[in-house]
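**Student:** Fold the following for me, if possible:
(one chain, ligands or ions: 1)
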Amino acid sequence: MTDAKDRVVKRMRELIELISHHDIKYYVEDNPEISDYEYDTLLRELRDLEEKHPELVLPDSPTQRVSGKALEEFPQVEHMVAMLSLDNCYSEDELKEFDARVRKLLGGEQVEYVVELKIDGLGVALMYEDGLFVRGATRGDGRIGEEVTQNIKTIKSIPLRLRPGGIRTAEVRGEVYMSKDGLRKLNREREKAGEPLFANPRNAAAGSIRQLDSKVAASRPLDIFLYTLSYSKDSMPGTHEGCLSLMRSSGLRTSPQTKRFERIEDVLGHIASWESKRDDLGYEIDGIVVKVNSLEQQRRLGYTAKNPRWAIAYKYPPKQMTTRLLGIDIQVGRTGTLTPVAVLEPVQVGGVTVTHATLHNEDEVKRKGLRIGDHVLIERAGEVIPQVVKPIVERRTGAEKEFRMPTSCPVCGSKAVREEGEAARRCINASCPAQVKERLRHFCSRDAMDIEGVGPALVDQLVGKGLVHDAADLYDLRKEQLLELEGVAERSSENILNAIRASMDREFSRVLFALGIRHVGRTTANDLAEAFRSMDKLMSAAREELSVVEGVGDVVAGAVRDFFDNSSNRRLIERLRKTGLSMQASGRAGGTLEGKVFLFTGELSSMTRSQAEEKVRELGGKVSPSVTKATDYVVVGRDPGSKLDKAKKMGKSILDENAFVRMTGGR
Ligand code: IVH
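**Tutor:** Numbering: from 1, shown residues only. Presented below is the predicted three-dimensional model:
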């Protein structure tokens with residue numbers, strides 16, 4: 001190699017080391033040391049060098065996370081140490097039996113247990129050689145798995161090079177998972193595209209890791225928690241906890257929710273406390289794993305044919321259940337979409353009674369092969385809405401009926417058409433009462449105009465009695481009219497009128513969201529309001545201008561244009577303008593918080609998190625999800641999280657709720 005080349009490679013190595021250090025700080029430890037800008041500068045320098053010298057690109061370069069070409073199939077790999085699964089138990093007694101068994105086999109010795117969350121995802125093994133990530137594999141049948149290195153590399157929290165001074169040549173195991181939010185977002189996109197939805201984060205993670213094209217995997221919001229050091233060429237720590245901490249200091253992402261106990265009663269208490277807390281986690285768990293801490297004791301306890309004797313999984317009540325599909329109702333949405341909804345024989349799933357589940361669209365019913373009268377498998381994963389997974393074909397009697405999607409609107413009888421390339425069938429009558437009601441409900445909802453007291457039932461009556469036909473009519477309502485309605489007395493009529501009046505102060509982005517433009521959610525409405533600043537500018541923007549706004553693609557831009565091109569929508573906007581609703585963005589430039597970055601942790605008492613964030617944005621400030629160098633203020637509510645400790649360590653200004661309210665001009 002020439003000197004010049006030597007120098008290039010040396011600089012590349014330096015950059016990779018730096019970037020990989022900052023990747024761990026950012027993705028694994030949630031504690032960045034440099035700004036995004038500084039990080040991007042490092043990355044750009046590396047990219048430039050690689051472009052000039054493609055033959056010198058190093059395998060652990062962060063630019064190699066997504067490979068260029070798709071695979072034909074996954075190669076098979078034999079696991080060095082078999083990937084066994086855990087024995088399950090479902091009750092206190094069974095867990096006590098496990099404890100008794102362990103103690104007996106160890107001749108009455110003292111035992112420590114390490115208790116971890118059982119992440120609901122896909123088990124994988126990662127191989128490192130001399131600190132370099134060389135291979136990733138799925139569990140497969142436990143003996144032979146699939147090599148999915150390219151897809152595993154797309155997960156940003158997996159270091160391509162481990163931190164020096166820790167693990168070098170080793171195999172680690174963990175769970176690839178998708179967050180609840182990530183799944184919800186992915187499913188929303190899939191629904192728009194008419195693709196089948198994932199019933200749970202586990203299927204979504206597995207489906208993403210088993211993509212032959214790593215670009216697809218890279219687009220999926222996957223993450224990982226590592227929980228086993230299954231092999232190391234160097235000496236191993238004496239305990240499981242020691243292994244976890246060695247993994248952590250090597251830059252591997254391990255769960256922060258790991259605890260050690262000496263008595264099984266305390267383990268049980270811990271399990272009980274997680275049963276409700278688990279809904280607050282950003283990802284799905286299906287149980288708790290209990291492991292003997294000492295590796296020497298683990299070795300003595302050994303394995304049965306399938307499971308280790310030193311560990312067990314306590315499983316929470318299943319979130320899957322079978323029940324009967326009694327019928328399929330058709331719901332008409334605010335844009336006229338006809339959605340088939342499964343009517344189910346009521347069944348308890350994961351602690352709630354499920355009676356309905358959305359079937360999304362007619363193709364989904366067909367794809368699942370559902371017939372009315374079928375026994376069906378229902379799944380309710382976390383906050384994900386209940387879904388019908390599949391029919392139990394074996395239980396058919398022959399009396400089940402095929403479902404036919406109606407071609408006319410079940411509410412107003414107008415034609416329901418399905419446009420080319422669309423998954424949804426739509427009622428074409430914009431004054432269809434079902435659409436009118438849904439549009440109004442959306443307009444009044446919390447994230448939109450937040451008109452308290454005007455809920456679905458009241459909207460039903462208002463539209464049914466012909467008092468309200470659109471959102472603008474709400475602002476003309478009189479007390480005598482409200483008093484005509486069922487369940488509305490003097491006091492409540494006043495409250496309703498006050499709530500309607502109060503909504504006139506809502507900021508522009510809410511008004512925009514409240515209009516119910518197809519594909520324009522709260523975030524997109526914010527982005528559009530920010531970019532165009534006024535209704536007039538937005539209404540006259542061409543599709544091309546709209547689609548350059550971040551978060552707005554062609555589809556959204558088209559929907560926005562279609563909405564404003566419709567004359568009755570334009571008339572509605574003019575009436576709302578006359579009523580006095582905000583048609584212009586306020587704040588930002590010149591606001592009192594201009595350029596300031598806020599972070600919230602813990603629960604506020606006088607307002608919701610989103611109200612507080614809105615206040616910051618209104619005054620020109622920004623909100624960030626994690627503490628970084630750029631953070632100016634940390635606002636602390638009740639039960640703050642670990643972000644507070646971090647903020648204190650970093651010497652940030654901490655505000656309590658009162659101080660925040662004063663700063664933002666409140667009392
Ligand atoms: S330890 C010998 N710890 O649950 C088995 N597994 O059947 C060692 N899982 O295949 C596995 N969270 O994919 C372990 N904290 C955790 C886990 C966990 C999820 C998965 C793993 C395993 C399955 C159990």
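**Student:** mind checking the SS state of the residue nearest the centre of the chain?
**Tutor:** Nearest to the geometric centre of the chain sits residue 181, at 1.1 Å (CA atoms, centre = their mean). At residue 181, secondary structure determined by DSSP: H, G, I helix; E, B strand; the rest coil is helix.
**Student:** I'd like the distance between it and the ligand.
**Tutor:** Distance from residue 181 to the ligand, counting by CB to the nearest ligand atom, to the nearest Å: 20 Å. All C-beta spots, glycine's among them, are computed from the backbone N, C-alpha and C.
**Student:** got it, and residue 471?
**Tutor:** Using CB to the nearest ligand atom, residue 471 is found at 48 Å from the ligand.
**Student:** Let me see the contact set for that residue.
**Tutor:** Going by CB atoms under 8 Å, 6 or more residues apart in numbering, residue 471 touches 439, 440, 443, 514, 515, 572, 576.
**Student:** again with residue 377
**Tutor:** Residue 377 touches 320, 321, 322, 388, 389, 390, 391, 392, counting by CB under 8 Å, 6+ apart.
**Student:** Would you double-check that it falls in a helix?
**Tutor:** No: counting by three-state DSSP, residue 377 is located in no helix; its state is strand.
**Student:** Near the ligand, which residues of this protein are found?
**Tutor:** Residues of the chain lying close to the ligand (CB under 6 Å from any ligand atom) are 84-86, 116, 118-119, 123, 139, 175, 227-228, 289, 308, 313.
**Student:** For the ligand, what's its nearest residue on the stretch 51-200 of the chain.
**Tutor:** Taking CB to the nearest ligand atom, the ligand has its nearest neighbour within the stretch 51-200 of the chain at residue 123, 2.7 Å off.
**Student:** how about the nearest residue to that residue, chain neighbours excluded?
**Tutor:** residue 139 (4.2 Å; CB to CB, 6 or more residues apart in numbering).
**Student:** burial count for that neighbour?
**Tutor:** Counted with other CB atoms under 10 Å, residues neighbouring residue 139 total 19.
**Student:** Regarding residue 140, which helix or strand does it belong to?
**Tutor:** Under DSSP states H and E, no helix or strand contains residue 140.
**Student:** check contacts around it.
**Tutor:** Here residue 140 is in contact with 76, 79, 83, 146 (criterion: CB under 8 Å, 6+ apart).
**Student:** Tell me how far the closest residue to the ligand within the stretch 501-650 of the chain lies from residue 27.
**Tutor:** Closest contact between the stretch 501-650 of the chain and the ligand, by CB to the nearest ligand atom, is at residue 642 (19.8 Å). Going from residue 642 to residue 27 by CB to CB, to the nearest Å gives 16 Å.
**Student:** Repeat that for residue 119.
**Tutor:** Residue 119 is 17 Å from residue 27, by CB to CB.
**Student:** So between those two, which is more surrounded?
**Tutor:** It is residue 119, of residue 119 and residue 27, that has more neighbours when counted by other CB under 10 Å, with 27 against 18.
**Student:** On the strand side of things, show who that one bridges to.
**Tutor:** Going by DSSP bridges, residue 119 is paired in beta bridges with residue 285.
**Student:** So for it, what pLDDT did the model give?
**Tutor:** For residue 119, the model assigns a pLDDT of 95.
**Student:** Correct me if wrong: it contacts residue 177.
**Tutor:** Yes: at 5.3 Å, residue 119 and residue 177 qualify as touching, with contact defined as CB atoms under 8 Å.
**Student:** joint contacts of the two?
**Tutor:** Residues touching both residue 119 and residue 177 (CB under 8 Å, 6+ apart) are 225, 283, 284.
**Student:** Highest neighbour count among those residues?
**Tutor:** residue 284 (27 neighbours).
**Student:** Please report how far the closest residue to that one other than its chain neighbours lies from residue 319.
**Tutor:** Distances taken as CB to CB, 6+ apart place residue 120 nearest to residue 284, at 4.2 Å, with adjacent residues excluded. Using CB to CB, residue 120 is found at 9 Å from residue 319.
**Student:** So, low pLDDT: which residues of this protein?
**Tutor:** For the chain, the stretches with pLDDT under 70 are 1, 351, 381-384, 587-590, 667.
**Student:** State the helix or strand in which the closest residue to residue 136 other than its chain neighbours lies.
**Tutor:** Excluding its sequence neighbours, the residue lying closest to residue 136 (CB to CB, 6+ apart) is residue 152, at 3.1 Å. For residue 152, the host element (DSSP H and E) is helix 149-153.
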